[in-house]
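Visitor: mind looking at a prediction? Sequence and model below.
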Amino acid sequence: MKFPRIIILQVLLSLFAPSGVLASTGLTVNAYGRDHVSLNGKWSAIPDLYDQGRRMEIYKNRTPQGKTDFYEYSFGPGCMRLNVPGDWNSQSPELKYYEGTVWYARPFHAKQVAGRRRVIHFAGVSYRATVYLNGREIASHEGSFTPFEVDVTDMLAPDGENLLVVEANNRRTSDAIPAEAFDWWNYGGITRDVLLLDLPEQHVADYTVRLAGGSTDTVEAEVLLSQPEEGVEVEVAIPALKNGIRLTTDAGGRATGSFRVKNLKLWEPGAPSLYDVVVRTPSDTVTERIGFRTLGVDGTKILFNGKPEFMRSVSFHEEIPQRMGRACSVQDAEQLINEAEALGVNMVRTAHYPQNEHIVRLAEERGIVLWEEIPVWQGISFTDSATLAKAQRMMTEMIARDKNRCAVAFWSVANETRPSPERDRFVKSLIDTVRSLDSSRLVTAAFDNVGYDKASGTFTGSDNIPALLDVVAVNKYMGWYAPWPLAPDKCIWNFAPDKPLIISEFGGEALYGQHGSSDTASSWSEDYQEKLYLDNLDMFSRIPNLAGVSPWVLYDFRSPFRFHPVNQEGWNRKGLVGDRGDRKKAWNVMHDFYMSKKRQK
Ligand code: GCU
């Protein structure tokens, strides 16, 4: 591409290199934007509760050859079939509560082609995955919510007829993230897309393209090729702006540079603006829609493009309540984002884990800011160095996947972890990991140790971590888990007063359609929930450093320890919207509040 006017600032790499280091996760950035075939669809499945499949070498998929052969398994006719992507829990009544191993298998046709690499990209497998190809173990991954890949080029069958087997296990363990008890359903399986990427031998493996820190007209780009090759010409172009840059790779196959742009329309909450960005080398071209914005904090204000923005947020799980299953498709993403948008949000807290790319990309297209987090949720094994390494890897994978999403403004490192020397060390290490990978976004964490302190007469708390954060967040359930110590309009907050504070969770339960006393929590009534919301918003609006709120939660969601036989039946009923999509009275309270906030802009 010839650029009529190129103002190329070849600068010292160390000075203007994007603050993020191209994460060496081995992930292909923008996987969906590469040549690929989908491996979604019906897969054969064998539940293996006692984990006998490895001993039986199920992944070899042997069939009897002689008179005396027999195998006590088959992925062939008669085998259970499960949709991929999709949790197994919602696909079979027998698997609703299942925790253990399920063996998935499917054939696919692919042969080695000179000059091409074939890579299988798993967008997410819950919770542990071991991958086998043509009878051999080729990869494994732990963590339900971040992608992983394996280059299968040299393992493809000569005749092109391949068998892909995935051993998925969702058993909860104390060293896992999340650990053994968490307030959402333990969905298991190949819960997200599986893509077979078709890439040039030498291809664009990774790139970061964003505004240089503090600038609104200088775009910085960092590109990493799949092979360490020096002297390769790399173009990064924004055709709509008739601008771009030509770079040359170093010995590591990496190239970095910055260029000025004119007439750049910045992405902002409620007013999305995305550009086709083209990254081109002699052997590969990748195009992705990318937005540009600045982000920062000024005292207790959160700034987008230099302007203060109050975060009108809502939290939701990656779940479609109507089918009691994990959200996994574009249509599912549309349902969740549409319902959030209707509430009047400019942000979504994708609780409590990196949600699928369809949700992330749709939020960005709609101008909705994202708060993303890994599931360091309450009781995590803070003393286990292996668990810390897992958390750091999950954070690295999340950032590697979403670092080009301008909608992502917050990386959160923990939810409701209790202060202790071990927890402080663990969380500080995570904060360091985030800052080493991406200093362009705001680091936060949600605390639930802020309470009413009689001596000072204020809502406050003491914790070592807020001082390390850009934005502090508090989950506070006044009127639900905590009775009011004072009238809402008498509650004074004093927590991290010099930093922006987001109320990252509040709310209470109500069964849709159930009406009763507005002052009795156990009525589980819409009237009680409505009053609770009015009281909490009254209190929050008096917090001097309030920078946003995120009610818990958009939809009622599945949780194994919500036992009440009438009011819950395995549902957490804090939704503003019931499990069948019906909006409760509190939805109107929140919607009115957000409309008034929007008008104040
Ligand atoms: C906590 C937690 C949520 C949970 C909520 C609740 O704040 O962060 O994951 O669902 O409380 O108890 O409903």
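Guide: Nice, thanks for sending it over.

Visitor: can you name the residue of the protein nearest the ligand?
Guide: Relative to the ligand, the nearest point of the chain is Asp183 (3.7 Å; CB to the nearest ligand atom). Yep, even glycine has a C-beta here, placed from its N, CA and C like the rest.

Visitor: so that residue touches Val553, yeah?
Guide: No: taking contacts as CB atoms under 8 Å, Asp183 lies outside contact range of Val553: 10.0 Å.

Visitor: shared neighbours of the two, anything?
Guide: Asn572 (CB atoms under 8 Å, 6 or more residues apart in numbering).

Visitor: what residue lies at the spatial centre of the chain?
Guide: With distances taken as CA atoms, centre = their mean, Pro354 lies nearest the centre of the chain, 1.6 Å away.

Visitor: that one - that's part of a strand, no?
Guide: No: membership of Pro354 in a strand is not supported by DSSP: H, G, I helix; E, B strand; the rest coil, which gives coil.

Visitor: for it, what are phi and psi?
Guide: Taking degrees, to the nearest 10, you get phi -60, psi 120 for the backbone angles of Pro354.

Visitor: which residues does it contact?
Guide: Neighbour list for Pro354: 145-146, 360, 372-374, 394, 397-398, 401-402 [criterion: CB under 8 Å, 6+ apart].

Visitor: show me which pair in those is furthest apart.
Guide: Val360 and Met394 (15.4 Å; CB to CB).

Visitor: near the ligand, which residues of this structure are found?
Guide: Within reach of the ligand by CB under 6 Å from any ligand atom, the chain has these residues: 183, 352, 415-416, 448, 475, 505, 552, 572, 574.

Visitor: in strands, which of those fall?
Guide: With DSSP state E as the criterion, strands contain 415, 475, 505, 572 from among the residues of the chain next to the ligand.

Visitor: which of these tops the neighbour count?
Guide: In terms of neighbours by other CB atoms under 10 Å, these top out with Asn415 at 26 neighbours.

Visitor: what's near enough to touch that one?
Guide: Listed by CB under 8 Å, 6+ apart, the contact set of Asn415 reads 351-352, 373, 375-378, 445-446, 475.

Visitor: bridged to the closest residue to His203 other than its chain neighbours, which residues?
Guide: Closest residue to His203 apart from its sequence neighbours, by CB to CB, 6 or more residues apart in numbering: Asp284 at 4.1 Å. Asp284 forms beta bridges with Thr281, as assigned by DSSP bridges.

Visitor: for Asp284, give its distance to Ser420.
Guide: According to CB to CB, to the nearest Å, Asp284 stands 48 Å off from Ser420.

Visitor: quick one on the thing from earlier: confidence score at the residue nearest to His203?
Guide: For Asp284, the pLDDT comes out at 98.

Visitor: do the same with the one 10 residues further on
Guide: On the pLDDT scale, Thr294 is placed at 97.

Visitor: show me what contacts it?
Guide: Neighbouring residues of Thr294 by CB under 8 Å, 6+ apart: 211, 214-216, 266, 303-306.

Visitor: pull out the buried members of those residues.
Guide: 211, 266, 304-305 (16 or more other CB atoms under 10 Å).

Visitor: can you classify the residue nearest to Lys574 when sequence neighbours are not counted as helix, strand or coil?
Guide: Distance criterion CB to CB, 6+ apart; nearest residue to Lys574, sequence neighbours excluded, is Gly507 at 4.5 Å. State at Gly507, reduced to three classes by three-state DSSP: coil.

Visitor: isn't Gly507 right next to Trp480, touching?
Guide: Yes: counting by CB under 8 Å, Trp480 is a contact partner of Gly507 at 6.9 Å.

Visitor: ok, the two, which is more surrounded?
Guide: Between Gly507 and Trp480, Gly507 has the larger neighbour count (other CB under 10 Å), namely 27 against 18.

Visitor: bridged to the closest residue to Ala496 other than its chain neighbours, which residues?
Guide: When the adjacent residues along the chain are set aside, Ala496 lies closest to Val472, with 4.1 Å between them (CB to CB, 6+ apart). On DSSP bridges, the residues paired with Val472 through beta bridges are Leu501.

Visitor: give me the pLDDT for Gly379.
Guide: Per-residue pLDDT puts Gly379 at 87.

Visitor: next one: it from Pro321, what distance?
Guide: In terms of CB to CB, Gly379 sits 26 Å off from Pro321.

Visitor: looking at the two, which is more packed in?
Guide: More crowded of Gly379 and Pro321, by other CB under 10 Å: Pro321, with 21 against 15.

Visitor: thought that one was touching Asp579?
Guide: Yes: in this structure Pro321 lies within contact range of Asp579 using CB under 8 Å: 3.8 Å.
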